[in-house]
Each structure stands twice: as C-alpha cells, then as structure tokens.
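In: here's my sequence, what's the structure:
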Amino acid sequence: MLDIKDLYKENYIDKNITICGWVKNHRKQATMGFIDMFDGTILKSLQVVYDNNLSNFEDVTKIKIGSAIKVSGTLIKSPKENQEFELALQEIELLGDCPENYPIQPKRHSREFLREQAYLRPRTNLFQAVFRVRSIAAHAIHTYFQERGYVYFHAPIITASDCEGAGEMFQVTTLDLEKIAKTGKVEYDKDFFGKKAALTVSGQLQGETFALAYKKIYTFGPTFRAENSNTKTHASEFWMIEPEIAFCDLEGDMDIMEDMLKYVVKYVLENAKEEMQFLDKFVENGLIEKLTKLINSNFTRIDHEEVITILKQANVKWEFPPEYGQDIAKEHEKYITEYFNGPVFIKNWPKDIKAFYMKQNQDGKTVAAVDLEVPGAGELMGGSQREEDYNKLVQRMDEMNMPKKDMEWYLNLRKFGSCVHSGFGMGFERLLIYLTGVENIRDVIPYPRTPNNCEF
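Out: Take a look at the predicted model:
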C-alpha cells in the first residue's frame, strides 16, 4: 500500500496501486464520477475516476464526503491541466462511512467556524499546511540545538517558583475549593505538595541549573499564563523554546538568537515547499519573499535609549508617545524595523521594567536584556545575560519585595561556581504566526486554550 506522497517520488504511471485516505470531494455524473481523496501525507489530493463499467457503480456514487476509503486501480496520466495523474478505479472499499451533515464540506469555511470544529480542521488545506509547518519547524529547532551539542532539558510543568514575578499563574491544588469558599481558610501545608504550587510560566530558572552543569541546554515544551487577554497573539497555554548557555554574554546570546532563527526559517522553506507556496498564495502574499529576506538580513543591534531617541525624532503622531525608561508599543516596533529595513535587536533595557534575574549594567539604570523585533511581526524573542553576582541578585530581589526563602536554590547557583551565562525565550506559536502568515495564535496551535475557552 502506498501513500499519496509516494506517487510524487517515483513513477507509478500504468501501475496498479492501492491507497487509503478520506474523501475531500465527490462529483457524480450520469455515467461516471470523480472522487478527490487525501491521506495527510502531502498537501495534494488524488483524483479517483470511475465509470458505470464498475459492477458496484451505484454503491460507489453513494460514498459521501468525509468517508474513509481504500481504493485500488491503475495510475494514469491525467488529461486535466495542472494535474499530473489520476487513478482509474478498479476496486473501492468503504472503511468508514460519514453522514450528510459532515461539517467540512467542499467550500470555503471561515477560520472562526473551523475553530468550533477544531477536531476536524486538520482535514482542510489551510490547517494541513499550518500544522505540517508546525511539525517541521519543531524538528528544525531540535535539529539546530542537537547538532550544536545542546542538552534537551525537560523543565518541570508544576513549580513553586514564579519566573516572571507577574503572579499570573494557574494554581495546582488538591484542596477542597468548596470547603475553602465556606471557611475562607487555605491550608497549603495540607495540599498535595505541602506548599503553594502552579503551572510553569517558564522553564528558565530550572534551565539555568542544568546550563551550569552541561554548558548548553534548551527547553522546548508547554508553558502557561493565567493572563485574561483576548488578543490575537496571547494564549493561556503555549510552547516555549528556552536555551541557556554558560560562559556566554549578551553579545554571544544575540549571535545564537540570530543564527537559530535563520536556521529554522531556512529549514522550513526547504522542507515545507508545497505548504509554504500554498500559504504564500492563499494567506500572505509575499510570505516566502519576506522569510527569504530575513535569512539574508543583517540584524541591527541598538540600545533601548537610542531607539526611544529615534522614535521621538520621528515625524509621526504616535498613539502611545515613546518615553525613556518605558516599554515600547507595537507601533514603535513596526517603525523601528522599517527604519532599519530588517530585524532589530533592542538591547540594554531600563531595569525597572525587566525581570529580577537580568544582569545589571554598570550604569545602574539598565540591564543586559534584549528583544528581537522582526518586520511584520514585532517582538519574536526576548533574552538576557543573567545576573551571576549573588549580592546584586539578592539586592534586586529585595528592591522588588520578592521572597527569597523558596528561591535559595537559585541564589545558591551564584555561590557554587557561578559564571557569566545567558539565555533567551521564543514563543513557538509567535514563530509560527510569522512563518505561516496566519495572524491568530488560535489557528497555529491544535487546541487553543484562551480565556473562557477550554474545548476539546
């Protein structure tokens, strides 16, 4: 038995073959019919042609869209333009019937409708392309790090530490919530872990411990944010890639960020050609050109303070006026990438708007942090050199009123053979939005988890 993908690897013309798959469309005429079938191995479908010479012609005409079938016949050259071949049917077996009200009919469906049918949407061309790109991009990420000697570190999903310090964490508990509601008393010492626990927002802190043993590690797994945000780029569950590298400063960190991104984009373009051509044609015109330009771009490196100066001098009426010491808005990100005509590393950020673990610069005002802004997507990655000085880290935690008791293990890393080390994080779905041109995070993750939505 062959896959449809196999038919494009070797010449099977005039040979008898057998294929299993699903019916995408079925067009019936008085004396003949055409079945378009797919099997998920390639974006292309296979046209199956039959006529009333079949002994079970009437039964074949009744096969409905969505059904699983097994077909056998001779592969012949197709008279149809833009179609290399078709299958002249000799035998067909209905493996799994499908009712007339099958939701994925051969017509254009809105992405909103397909989110409601998320368990069936991989059968459509768009999501066949998107989720294969997701798979190929994931493989590219692992390949990049594995080929360069990184250890793949599995960060814990359940944790007692809040890496970002924002408090937007999903609690994990076995306590009786109805009892707590009645008594108003929470006894964490009687909980499953004997303390307050939550789903991780980042594997970075634990990742640092392994980087200071293996030199180079990376995480790639799910993370969670209990952030009540309904934007196109936020989800409550998403995947993160987080490398940590010992003996590496901020400049080295940016080198790796740039090299990794170019590698992954190039890998996807080379190994998902059909999918990328489809997405370029039907989702974002110029997508392949945009990604090719990124691969060949020089990434600008510029301080946050200089970015604010450029924005302030720009002849633009900003919705959110740029200010020194403050974060930048989407409109600013867009302007800066256009100003430099390519990706931009914005580095050395004001320490008051960044996390506690970032390396404090000598000016006392900034930290060795960096965000990568890319044309058409804005922020794609964020990283920093980590603070390796024990006293400075303790001082920063005190300034931010962070409890140190449960973070002793992290602080002790600065006592036990500390060294310069850096890392970064990239939201996998943010990368996929950029790679596919599909602008909503709900459409690049199989089953999106967002506020008031936990279906399937």
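
In: my guess is N52 contacts Q29, does it?
Out: No. Here N52 does not reach Q29: they are 9.7 Å apart, not a contact under C-beta atoms under 8 Å. Any C-beta I mention is one placed from the backbone N, CA and C, and that applies to glycine too.

In: who's more crowded, the two?
Out: N52 (14 against 10; other C-beta atoms under 10 Å).

In: how far away is that one from F34?
Out: Using C-beta to C-beta, to the nearest Å, we find N52 at a distance of 14 Å from F34.

In: intersection of neighbour lists for those two?
Out: Counting by C-beta atoms under 8 Å, 6 or more residues apart in numbering, no residue touches both N52 and F34.

In: so in this structure, where's the weakest helix or strand by average pLDDT?
Out: helix 177-183 (a mean of 91; mean pLDDT, DSSP states H and E).

In: now find how far off-centre stretch 196-216 is within its chain.
Out: For stretch 196-216, the gap between its own C-alpha mean and the chain's C-alpha mean amounts to 20 Å (C-alpha atoms, centre = their mean, to the nearest Å).

In: may I see the buried residues of it?
Out: 197-212, 215-216 (16 or more other C-beta atoms under 10 Å).

In: same check, this time on stretch 56-70
Out: 60-61, 63, 65-69.

In: equivalent analysis for stretch 72-79, please.
Out: 73, 75.

In: is E10 within a helix or a strand, and which one?
Out: In the assignment (DSSP states H and E), E10 maps to no helix and no strand.

In: burial count for it?
Out: Quick note: E10 (other C-beta under 10 Å) scores 9 neighbours.

In: one more: S229?
Out: Neighbours around S229, by other C-beta under 10 Å: 12.

In: and the pLDDT at it?
Out: Note on S229: pLDDT of 84.

In: leaving out sequence neighbours, find the closest residue to it.
Out: P451 (7.3 Å; C-beta to C-beta, 6 or more residues apart in numbering).

In: what sits closest to Q277 if chain neighbours are left out?
Out: Per C-beta to C-beta, 6+ apart, closest to Q277 is I288, 7.3 Å.

In: ok so, going back, which ones among the buried residues of stretch 56-70 are found in helices?
Out: Under the assignment DSSP state H, those contribute 60-61 to helices.

In: could you identify the most distant pair in the buried residues of stretch 56-70?
Out: Put simply, by C-beta to C-beta the two of the buried residues of stretch 56-70 set farthest apart are T61 and A68, 17.4 Å from each other.

In: and the helices in the stretch 101-250 of the chain?
Out: 111-116, 125-147, 177-183, 204-214, 250-271 (DSSP state H, counting those that start in this stretch).

In: picking up where we left off before, part of a helix, is the residue nearest to Q277?
Out: Yes. I288 sits within a helix when classified using DSSP: H, G, I helix; E, B strand; the rest coil.

In: what strand or helix carries the nearest residue to G286 once chain neighbours are set aside?
Out: Excluding its sequence neighbours, the residue lying closest to G286 (C-beta to C-beta, 6+ apart) is D280, at 7.1 Å. Counting by DSSP H and E, the element that carries D280 is helix 273-282.

In: flag every buried residue along that helix.
Out: Counting neighbours by 16+ other C-beta under 10 Å, helix 273-282 gives 275-276, 278-280 as buried.

In: again with stretch 114-130
Out: 114-115, 118, 121-124, 126-130.
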